[in-house]
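S.K.: give me coordinates for this.
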Amino acid sequence: MAISFAGRVLASLAVLALTTPIAALADDHRDGWRRDQWRNQHKVQKRINQNQRKAYKKYSQDHWNTHWGNNWNDQRSWYSYNMRNRMNARRADDRQRQLEAQMRAQYLSYNNNNYNGAYGWNQYSDPNFLNYVHGRNPSLLNSIRSVVGF
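M.R.: The predicted structure follows:
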């Protein structure tokens, strides 16, 4: 009863071929969602995106606070930097005429009614004039801020 070597190899391959799918059939697939690589990688990517958004938001808030801040000196430089560009870009005619009339009156009183030059946002962005308006009529600066949108 000698079984040849080839017979043994064929018998072991037959047993292996029959038992291999049994292990796969034994899995009930109830926790397959935990092993889903795409889903897990998607969650990781989602966390990465959230962290990047949070970091950018923190950076922009810190940039605002360090560059413009909440004190008047920083805000004054911000006004003088942005007023000219923003006011020239946005033209709300009636409201702008009212603001220009108020700014003209403030500029005249700033110069002791001795000014005959041109009026415009280039003259109004002078830091000393902005200090003067901030001390005398801060509501005017607030209304300009609301119209301009900063």
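
S.K.: C-alpha coordinates for stretch 52-66, PDB please?
M.R.: Backbone C-alpha positions of stretch 52-66 (Å, rounded to 0.1, in the frame of the first residue of the first chain) are rendered in PDB as follows:
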ATOM      1  CA  GLN A  52      -6.000  72.500   8.500                       C
ATOM      2  CA  ARG A  53      -9.100  74.700   8.600                       C
ATOM      3  CA  LYS A  54      -8.700  75.300  12.300                       C
ATOM      4  CA  ALA A  55      -5.100  76.100  12.000                       C
ATOM      5  CA  TYR A  56      -5.800  78.600   9.100                       C
ATOM      6  CA  LYS A  57      -8.600  80.300  11.100                       C
ATOM      7  CA  LYS A  58      -6.300  80.600  14.100                       C
ATOM      8  CA  TYR A  59      -3.500  82.000  11.900                       C
ATOM      9  CA  SER A  60      -5.800  84.600  10.400                       C
ATOM     10  CA  GLN A  61      -7.200  85.700  13.800                       C
ATOM     11  CA  ASP A  62      -3.700  85.900  15.200                       C
ATOM     12  CA  HIS A  63      -2.600  87.900  12.100                       C
ATOM     13  CA  TRP A  64      -5.500  90.300  12.600                       C
ATOM     14  CA  ASN A  65      -4.700  90.700  16.300                       C
ATOM     15  CA  THR A  66      -1.000  91.200  15.800                       C
END
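
S.K.: for residue 3, helix, strand, or coil?
M.R.: For residue 3, the assignment made with DSSP: H, G, I helix; E, B strand; the rest coil gives coil.

S.K.: what's the closest non-adjacent residue to it?
M.R.: residue 11 (7.8 Å; Cβ to Cβ, 6 or more residues apart in numbering). Bear in mind the C-beta positions are built from the backbone N, C-alpha and C, glycine included.

S.K.: ok, residues contacting the helix or strand encompassing the one you found?
M.R.: In the assignment (DSSP states H and E), residue 11 maps to helix 5-26. Contacts made with helix 5-26 from outside it, assessed by Cβ atoms under 8 Å, 6 or more residues apart in numbering, are listed as residue 3.
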